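Colleague: build me a structure from this.
(chains A and B)
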Amino acid sequence: MASSIGGNGLLRYIKRNNALYIMLIPGIIFFLLFKYLPMAGLIIGFQDYNPYKGFMDSEWVGLKWFIRFFSQRQFTRVLWNTLIINIYQLVFAFPAPIILACLLNELRNLKFKRTVQTIAYLPHFLSWSIIFGLAFMLLSQETGLLNQVITAFGGKSVAFLQKPDYFRTIIISAQIWRDMGWGTIIFLAALAGISPALYESATIDGAGRWKQFLYITFPGLLPAIMILMLLNIGRIMDLGFEQIWVFLNPLTYETGEVLETYIYRWGVVEGKYSFTTAVGLFKSLIGLIMVVIANKTSRKVTGESLF
Amino acid sequence: MKRSTGENIFDTANILFLIILSITILIPMLHIIANSLSDSIPLMRGDVKLWPVGLNIDNYILVVKNSVFLNSFKITFFLVTFGTLVNLFLTFITAYPLSRPGFRGRKFFMLFILFTLIFKVPVIPLYLVVRSLRIINTVWAMIIPTAIQAFNLILCVTFFKTSIPSDLIDAAKVDGMSEYGILARVVLPLSKPIVMTLLLFYAVHHWNSYYHAILFITDHRLRPLQLYLYQMLSQSDVNDAMANANELTVNTTPKGIISATVVAATMPIVIVYPFIQKHFVKGALLGSIKE
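Modeller: Now for the predicted structure:
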């Protein structure tokens, strides 16, 4: 028995416990095929990929696609849309569940609280197609509910879904509608984790509810807020495709087209594989830089960080 | 403990605000249900607000007879059942070795998987991989590339580590049970909570998602529910439903048909929702604490 071969008896360990390793095989294959192989496939962003030649024989073009992307008229527009929608999300959609959680936390009637929660969680389970359907019925020009209200007050009906000016508002509003309730789960858990003893001693010291909120509740929430905010920023370039795509139409490209939909349109639909891979690479790079910057800043300012 | 006037005002305002908020959340759904059940003339005139004007089920008759709609339902149903089974199985057997404390290579494999959580798969190369596997335009494209979600996998590993007593496993090993046996006869019976959570997460994802469908499917007969719904909405295309219209179903309009289709697509989730809400919240908490 060559027990000294395979240092530390590793080979022998594997042989003896082969069941565990065999169980891992499908999973490993999965991750290799569908996560790591595509990452390796990023190389085609530097090639003029020809499906018939494969990536071994396709011509190398270096930074050609990046340069082409940067010099497109649409580049600034698409990049700007991506960034600004994300900023709106951070500013408007991110705080909403926090505020709602704090309000829910102040309720004393548990049945009422649970009813509100049940209603508020429901939109999270609806697909973006359905949410678009709901929005369509509310916002359509001829007879949408919102336009009914507008004309009842003497105004003129507006084609909300076709005007670029409203696109971002609609997107953010839909997101808040969908996730405001669901987002409270984490924060309610964090709130429940704050020691009641802190509140008791604050009351003894004469602090009112508002002061208690400022000095106990909010600092207690801060770690959860910062971690979640960092995670959000990390996904900043990964604006949910499904969310944007359902509302997007050629009339609203100007304010609505983001990197992800741009990549889909020109890559999957138009087949410009190398070009859009380069765009995707650029997108990931920016995302990475933002997370690192945000992480450093967060650590300096609040002491919380992801890594 | 007596509350000051200011606090009472706040409490009342809070309750009022939350009531208004809840109503606002429900308004879009009430409106579309009202649309689907209303008579055509009030509907086209824009008289329908939050309650049906008239009572009309013709729209729903067309929806139920819409063979393309039913077909997409079938596809999604297959994904939610068989697809979720695949998810569950693969997640389960991959998580078990990773949860065994003495397992050599555990750290390496965990890092291997965690890395993919941080760096999102590039879409176009993924598309090319799926294409080269020749599963483009098949149901498998909607099952295999998403077979394991790293987040759910980690949830499962954590569950195994914290909720399966290692003495049970050791005892089973002493009795000569194989790892496969342990997985099936020791771990599985104790895994009801995590199976519940994984099942919900994966199943709802299969039900709601259209991303992989729109990425990999161009064959109209393979469109899952949400993709069909989106295409119907974006083009206001009710031809599939109208194909079954006859003299008995005159009280229909495109708007009514679309509304009824959306409601029909939403019904399953809404019906199941009260039962699964509790488990979903628990699962979400488990996941976020790990984060």
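Colleague: buried sites along the lowest-mean-pLDDT helix or strand in chain A?
Modeller: Least confident helix or strand, chain A: helix A:54-57 with a mean of 73, by mean pLDDT, DSSP states H and E. Across helix A:54-57, burial judged by 16 or more other C-beta atoms under 10 Å in any protein chain shown covers residue A:55. All C-beta atoms are positioned from the backbone trio N, CA, C, and that covers glycine.
Colleague: adjacent strands (with direction) for the helix or strand following it?
Modeller: Sequence-wise, the next helix or strand downstream of helix A:54-57 (DSSP states H and E) is strand A:59-60. When pairing is defined by DSSP bridges, strand A:59-60 lines up against strand A:47-48 (antiparallel).
Colleague: now do the contacts for residue B:32.
Modeller: For residue B:32, the contacting residues are A:133-134, A:137, B:259, B:262-263, by C-beta atoms under 8 Å, 6 or more residues apart in numbering or on different chains.
Colleague: which parts of the helix or strand hosting it are buried?
Modeller: If you go by DSSP H and E, residue B:32 is part of helix B:5-37. By 16+ other C-beta under 10 Å, the buried positions in helix B:5-37 come out as B:10-11, B:15, B:18, B:21-22, B:25, B:27-29, B:31-37.
Colleague: tell me the helix or strand right after that helix.
Modeller: Next along from helix B:5-37, by DSSP H and E: helix B:40-45.
Colleague: quick one: mean pLDDT for that following helix?
Modeller: Taken as a whole, helix B:40-45 carries a mean pLDDT of 88.
Colleague: next: stretch B:264-274.
Modeller: For stretch B:264-274, the per-residue pLDDT averages 90.
Colleague: could you do stretch A:84-97 as well?
Modeller: 91.
Colleague: buried set for it?
Modeller: A:85-86, A:88-89, A:93-94, A:96-97.
Colleague: any regions of the stretch 151-291 of chain B where pLDDT drops low?
Modeller: When residues are selected by pLDDT under 70, those of the stretch 151-291 of chain B lie in B:287-291.
Colleague: which parts of it sit against chain A?
Modeller: B:153, B:178-180, B:183, B:204, B:207-211, B:214-215, B:226-227, B:229-230, B:233-234, B:255, B:258-259, B:262, B:265-266, B:269-270, B:273-274, B:277, B:280-281, B:284-285, B:288-289, B:291 (C-beta under 8 Å from any C-beta of the partner chain).
Colleague: and the residues you listed, which are buried?
Modeller: B:153, B:179, B:183, B:204, B:207-211, B:214-215, B:226-227, B:229-230, B:233-234, B:255, B:258-259, B:262, B:265-266, B:269, B:273, B:277, B:280-281, B:284, B:288.
Colleague: return the subset of those residues lying in strands.
Modeller: Of those, none are assigned to strands by DSSP state E.
Colleague: count the neighbours of residue B:192 for me.
Modeller: A count of nearby residues for residue B:192, using other C-beta atoms under 10 Å in any protein chain shown, gives 9.
Colleague: no no, residue A:99
Modeller: 12.
Colleague: what about it, distance to residue A:180?
Modeller: 9 Å (C-beta to C-beta, to the nearest Å).
Colleague: likewise residue A:224?
Modeller: For residue A:224, the distance to residue A:180 - C-beta to C-beta - is 16 Å.
Colleague: between those two, which is the more surrounded one?
Modeller: residue A:180 (23 against 20).
Colleague: check which helix or strand covers the closest residue to that one other than its chain neighbours.
Modeller: In this structure, residue A:180 finds its nearest non-sequential neighbour in residue A:96, 4.4 Å apart by C-beta to C-beta, 6 or more residues apart in numbering or on different chains. For residue A:96, the element it lies in under DSSP H and E is helix A:95-105.
Colleague: that helix to helix B:5-37, inter-axis angle?
Modeller: Angle, helix A:95-105 to helix B:5-37, by axes from the mean of the first three to the mean of the last three C-alpha atoms, to 10 degrees: 120 degrees.
Colleague: now do the buried residues in the following helix or strand past helix A:95-105.
Modeller: The helix or strand immediately downstream of helix A:95-105 is helix A:110-121, counting by DSSP H and E. Using 16+ other C-beta under 10 Å as the test for burial, helix A:110-121 gives A:113, A:116-117, A:119-121.
Colleague: cool, and stretch B:42-59?
Modeller: B:42-44, B:46, B:48-49, B:52-53, B:56, B:58-59.
Colleague: make a markdown table from the contacts of residue B:32 and add distance to residue A:37 to it.
Modeller: As requested, those are exported to a markdown table (distance: C-beta to C-beta, whole Å):
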| residue | distance to residue A:37 |
| --- | --- |
| A:133 | 36 |
| A:134 | 39 |
| A:137 | 43 |
| B:259 | 44 |
| B:262 | 38 |
| B:263 | 42 |
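Colleague: and those, which of them are in helices?
Modeller: Under the assignment DSSP state H, the contacts of residue B:32 contribute A:133-134, A:137, B:259, B:262-263 to helices.
Colleague: with respect to residue A:264, which of these is nearest?
Modeller: Nearest to residue A:264 among those: residue A:133, at 21.0 Å, using C-beta to C-beta.
Colleague: contacting residues for that closest one?
Modeller: B:32, B:229, B:233, B:258-259, B:262.
Colleague: please repeat the previous calculation with a cut-off of 7 Å.
Modeller: B:32, B:229, B:233, B:262 (C-beta atoms under 7 Å, 6 or more residues apart in numbering or on different chains).
Colleague: from chain B, how far out is the residue nearest to residue A:180?
Modeller: For residue A:96, the distance to chain B equals 10 Å [C-beta to the nearest C-beta, to the nearest Å].
Colleague: I'd say that residue and residue A:176 touch.
Modeller: Yes: using C-beta atoms under 7 Å, residue A:96 is in contact with residue A:176, at 5.1 Å.
Colleague: show the pLDDT at residue B:14.
Modeller: So residue B:14 comes in at 94 (pLDDT).
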